[in-house]
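K.L.:
predicted model and sequence follow; I will ask about them next.
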Amino acid sequence: MTCISKPFNATVFHTHSSPFPQFPPRLHSNALYSHTFRSHAVPPLPQNQIIIGCGMTAVDFLATVDGYPKPDDKIRSTSSKVQGGGNAANALTCAARLGLKPKLISKVADDAQGKSILEELEADGVDTSFIVVSKGGSSTFSYVLVDTQTKTRTSIYTPGDPPLMPDDLSQSMLLSAFDGARLVYFDGMSIETALFVGREAARNNIPILAEAESPREGLDELLKLADFVVCSAKFPLAWTQAPSIPSALVSMLIRLPNIKFVIVTLGEDGCLMLERSTNDDVGVEEMNVESFLELLYKEKDDSLANPTCISSNGITGHAKAIMEAVRKFRSNGIGTVCGRFFIGTAEKIPDSELIDTTGAGDAFIGAIMYAICSNMVPEIMLPFAAKVAAAKCRALGARTGLPHRTDPCLASFLC
């Protein structure tokens with residue numbers, strides 16, 4: 001059986017191609033894609049730069065401590081910062097600094113925190129005209145403790161009140177937000193409203209990127225609307241009950257026939273991506289997904305500090321022969337799916353430079369949105385997103401370290 005592709009804005013994917021247009025020419029010919037700095041001028045921005053985010057915006061009260069306190073302890077912070085937060089707001093701030101034109105659908109109260117949220121987003125180039133401001137109530141905020149010894153952070157989240165609801169958004173408002181949009185992103189919060197906006201986006205043929213942190217009521221319906229999914233390390237196993245993450249990704253592509261790729265982020269272990277193939281002919285050779293990933297992980301070079309992407313392209317010897325023939329992955333008891341696997345490695349940040357991981361996943365998603373708008377191939381997209389996330393981790397807070405498009409650390413990806 002051959003998969004039939006559907007229109008993706010102005011791009012139509014043919015039955016023999018990847019959902020990502022290929023760069024002419026290919027930048028690398030090896031299995032492991034690594035990037036080093038090249039001093040070229042920053043290239044033009046994507047033709048369509050407008051994206052929409054729907055989800056949480058907040059204020060983060062951050063403090064660094066030399067060790068997480070025990071019950072009844074009183075400790076002194078070593079540094080502190082008050083900064084904007086929230087998954088969707090952070091991801092769109094990242095995308096704005098990379099050069100996109102984001103619009104945020106969210107809700108704040110008319111309190112001092114709500115005012116600071118709006119001002120900070122506007123200063124970073126995020127369109128706040130679609131953020132609902134309630135009279136009375138309170139804006140979302142979080143207390144974040146960053147442990148400088150363990151390099152971990154603990155967050156205490158207080159949701160805003162009243163929450164964002166479908167009745168807050170008129171159809172004319174949504175149509176105005178959708179005008180010219182290349183992509184709509186949902187962080188999985190305010191799920192009732194996310195479904196309302198997602199269905200309208202689908203009716204307007206706008207591709208959807210959904211984030212999945214943990215299973216929750218209503219998220220299944222949102223995932224069914226999605227074209228792309230980025231999820232946390234714990235989500236695939238919890239949602240599918242599969243025996244392993246690779247098997248869980250196979251299960252996700254089977255259960256969600258519309259999605260073009262799913263990425264699971266693994267923290268310092270990087271990420272794993274399964275991209276659906278449009279070539280699903282019955283003659284394609286099958287291979288057990290666990291066995292395939294074992295071969296792929298053997299190509300990983302742990303000595304490299306910069307983020308890389310590992311795929312079957314360029315692998316030599318017996319492994320090359322096996323991988324080039326494989327397009328259909330089998331997970332026992334789950335089924336088979338036609339596609340390509342990619343391993344994305346994380347940047348190795350020296351301990352002295354690692355400050356705070358708050359919002360690292362949001363930065364990764366912001367970069368993925370830019371990559372989709374730029375039609376980056378996965379071999380470039382995954383190291384690029386890892387580099388952006390690593391830059392964020394070198395400063396306190398979710399936004400302080402987010403790089404701008406002209407940052408030298410991004411030069412090799414944007415040239």
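P.N.:
That came in fine, so what should we check first? Fair warning: this is a prediction, and the values are worked out from it, not measured in the lab. Residues are numbered from 1 along each chain as shown.
K.L.:
which strand or helix spans residue 175?
P.N.:
Using DSSP states H and E, residue 175 sits within helix 171-178.
K.L.:
give the buried residues for that helix.
P.N.:
174, 177-178 (16 or more other Cβ atoms under 10 Å). C-beta here means a position set from N, CA and C on the backbone, and glycine is covered the same way.
K.L.:
would you map the helices across the chain?
P.N.:
Remark: helices assigned in the chain by DSSP state H are 87-97, 112-123, 171-178, 191-203, 219-225, 235-240, 245-255, 289-297, 317-325, 360-373, 378-392, 411-414.
K.L.:
most packed of those helices?
P.N.:
Ranked by mean neighbour count under mean count of other Cβ atoms under 10 Å, the helices of the chain are led by helix 87-97, which reaches a mean of 29.
K.L.:
name the helices or strands packed onto that one?
P.N.:
Helix 87-97 is packed against strand 50-54, strand 101-109, helix 112-123, strand 183-186, helix 360-373, with contacts defined by 3 or more Cβ pairs under 8 Å, 6 or more residues apart in numbering; DSSP states H and E.
K.L.:
could you dump these to CSV with mean pLDDT?
P.N.:
Output for the helices and strands packed on helix 87-97, formatted as CSV (pLDDT from 0 to 100):
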stretch, mean pLDDT
strand 50-54, 98
strand 101-109, 98
helix 112-123, 98
strand 183-186, 98
helix 360-373, 97
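K.L.:
of the ones you listed, which is nearest residue 144?
P.N.:
helix 360-373 (12.7 Å; Cβ to Cβ).
K.L.:
so how far is the closest one off the chain centroid?
P.N.:
The chain centre lies 5 Å from the centre of helix 360-373; the measure is Cα atoms, centre = their mean, to the nearest Å.
K.L.:
check stretch 359-367 too.
P.N.:
Computed by Cα atoms, centre = their mean, the chain-centroid distance of stretch 359-367 equals 6 Å.
K.L.:
separation between the spatially closest residue to residue 354 that is not a sequence neighbour and residue 357?
P.N.:
Ranked by Cβ to Cβ, 6 or more residues apart in numbering and with sequence neighbours excluded, the top spatial neighbour of residue 354 is residue 151, at 5.4 Å. According to Cβ to Cβ, to the nearest Å, residue 151 stands 7 Å off from residue 357.
K.L.:
which one of the two is surrounded by more residues?
P.N.:
More crowded of residue 151 and residue 357, by other Cβ atoms under 10 Å: residue 357, with 19 against 15.
K.L.:
neighbours around the closest residue to that one other than its chain neighbours, how many?
P.N.:
Excluding the flanking residues, the one nearest residue 357 by Cβ to Cβ, 6+ apart is residue 393, at 5.5 Å. Look at residue 393: counted by other Cβ under 10 Å, it has 21 neighbours.
K.L.:
contact partners for residue 393?
P.N.:
349, 354-357, 360, 401 (Cβ atoms under 8 Å, 6 or more residues apart in numbering).
K.L.:
wait, doesn't residue 111 sit right on residue 141?
P.N.:
No. Applying Cβ atoms under 8 Å, one finds residue 111 not in contact with residue 141, separated by 9.9 Å.
K.L.:
who's in contact with residue 102?
P.N.:
With Cβ under 8 Å, 6+ apart, residue 102 has these contacts: 50-53, 92-93, 95-96, 125-127.
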